[in-house]
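Novice: Provide a 3D model corresponding to the input given below.
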Amino acid sequence: MLIESAMHDTFKKHGNTKFKLCRINGQYITSEANCIGLVKKELKNAAINESGEDEEMDEDEDEEDESEDNIVNNIEVISKSIVELSRNYCLFFLMEEFHVITKFAKKTVYHIVDTAHVNKVNCVVIGVTPSITISDDIDRRIKSRFLHRQVYTFLPQNVKEVQQIIMYYMALPTNHPENIKCKETVFRCLNDSSVKSILTRSLAKSNVHFYFAWIKSLITTFKGSLSSLEPHHFIQSFEKMDQNDRVCMIKDLTLLEFNVLMSIKHIEENGTTKYNFEDIYSEYIKFITGGAQTTNINQKDVFHDKLIVSFTIDRNIVYKAFDRLIDLKFIKVSSARLTKKYTAGVRLNELHPSEIQNFVVKNKDFFSTEQYRYATE
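Specialist: Got it, this is the predicted structure:
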């Protein structure tokens, strides 16, 4: 939303410039064909002209077909649509969870950026990701098309940049009566020698979620006015986060990621030391269906029984949440992960099930009734 807002403000400032936004969220992408379908849908929506009528665009009923020929044909349709649309508009692709999209749909991403490069069209690709290793992880062909382009990273390089981030997160609205006083207080605290010391320590954090989670924890636990903050409040909240920052990041997990983590917690509480994704998926299915087995359940049963309708039983989507927990270092895997996608052994990474449960209990109001019950039962 922040990027979209900035884009709208920028183009509004420039008056008659027109642009179209195609938003692709990696959270919903599990395959190349799946991504192609989403991109075509976004391009079709973008092709609606000012009269409200659809501009000409080829349809394809088999966009979920995983065959190589179908993927190639659909990518050609996408490339053609990009060229056509960019004649009248500046076309933006906003790709959220970019690390996921480039993992499951590298061909689609490459051909989008390649079409823009080869045809020199008015097309911009913006990838948003919390991954700090994205430039190393993406396919080399995609990387070549982004070469010499600007890459913005959330991680600060020095104490001054950390201070700027914290000042931004803790800023009150400009019309707030305590805005100026609060800004002065935060600035004073951040320049305290003891606080500067922990800011230096924070530079060693390799996870982009840490800074947001740290300030979020400080603000939500501090009961007074922000203008009454003292340096020791920053130090205490940091030390609490530093003890096990992954535990504090539980609140930032998606609903699906949370329940996959809880499934792992349940498995380890039962004394199991050797388990893999298949075991976790089975435990997860038992929770969302009230005890059903993975061999005799399908999505319509979850909806029909009115259990937890917002949860999915799609194995690929659940695996993505599992894979995300690995990236966030909640769980660790054996080297066999590279060759055995679903059967590689996993364990909680320097976490004990009791730590997870205690955190959920202490932050009960943050979690839904179902989440709390599952975490503490």
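
Novice: And residue 313, how close does it get to residue 103?
Specialist: Applying CB to CB, to the nearest Å, the value for residue 313 to residue 103 is 22 Å. Quick note: C-beta positions are derived from backbone N, CA and C, even for glycine.

Novice: Check residue 194 too.
Specialist: Distance of residue 194 to residue 103, given as CB to CB: 42 Å.

Novice: Neighbour count for these two, which is higher?
Specialist: More neighbours surround residue 103 than the other of residue 194 and residue 103, with 18 against 12 (other CB atoms under 10 Å).

Novice: for that one, what are its contacts?
Specialist: Residues in contact with residue 103 (CB atoms under 8 Å, 6 or more residues apart in numbering) are residue 137.

Novice: Check the gap between it and residue 75 for me.
Specialist: Going from residue 103 to residue 75 by CB to CB gives 17 Å.

Novice: now swap in residue 46 and tell me
Specialist: Separation of residue 46 from residue 75 (CB to CB) stands at 17 Å.

Novice: What of residue 235?
Specialist: From residue 235 across to residue 75, the span is 53 Å (CB to CB).

Novice: okay, these two: which has more neighbours?
Specialist: Under the criterion of other CB under 10 Å, the comparison of residue 235 against residue 75 puts residue 75 first, with 21 against 16.

Novice: if I read this right, that one contacts residue 109, doesn't it?
Specialist: No: at 10.5 Å, residue 75 and residue 109 do not qualify as touching, with contact defined as CB atoms under 8 Å.

Novice: Now the element after whichever strand or helix holds residue 357, going C-ward?
Specialist: Applying DSSP states H and E as the criterion places residue 357 in helix 353-362. Downstream of helix 353-362, the next assigned helix or strand under DSSP H and E is helix 369-376.

Novice: contact partners of that following helix?
Specialist: Applying CB under 8 Å, 6+ apart, the contact partners of helix 369-376 are 255, 258-259, 262, 265, 287, 308, 356-357, 360-361, 364, 367.

Novice: For the stretch 251-377 of the chain, which segments are assigned as helices?
Specialist: 255-269, 277-289, 299-304, 315-327, 353-362, 369-376 (DSSP state H, counting those that start in this stretch).

Novice: Lowest mean pLDDT across these, which one is that?
Specialist: Lowest mean pLDDT within the helices of the stretch 251-377 of the chain: helix 299-304, a mean of 46.
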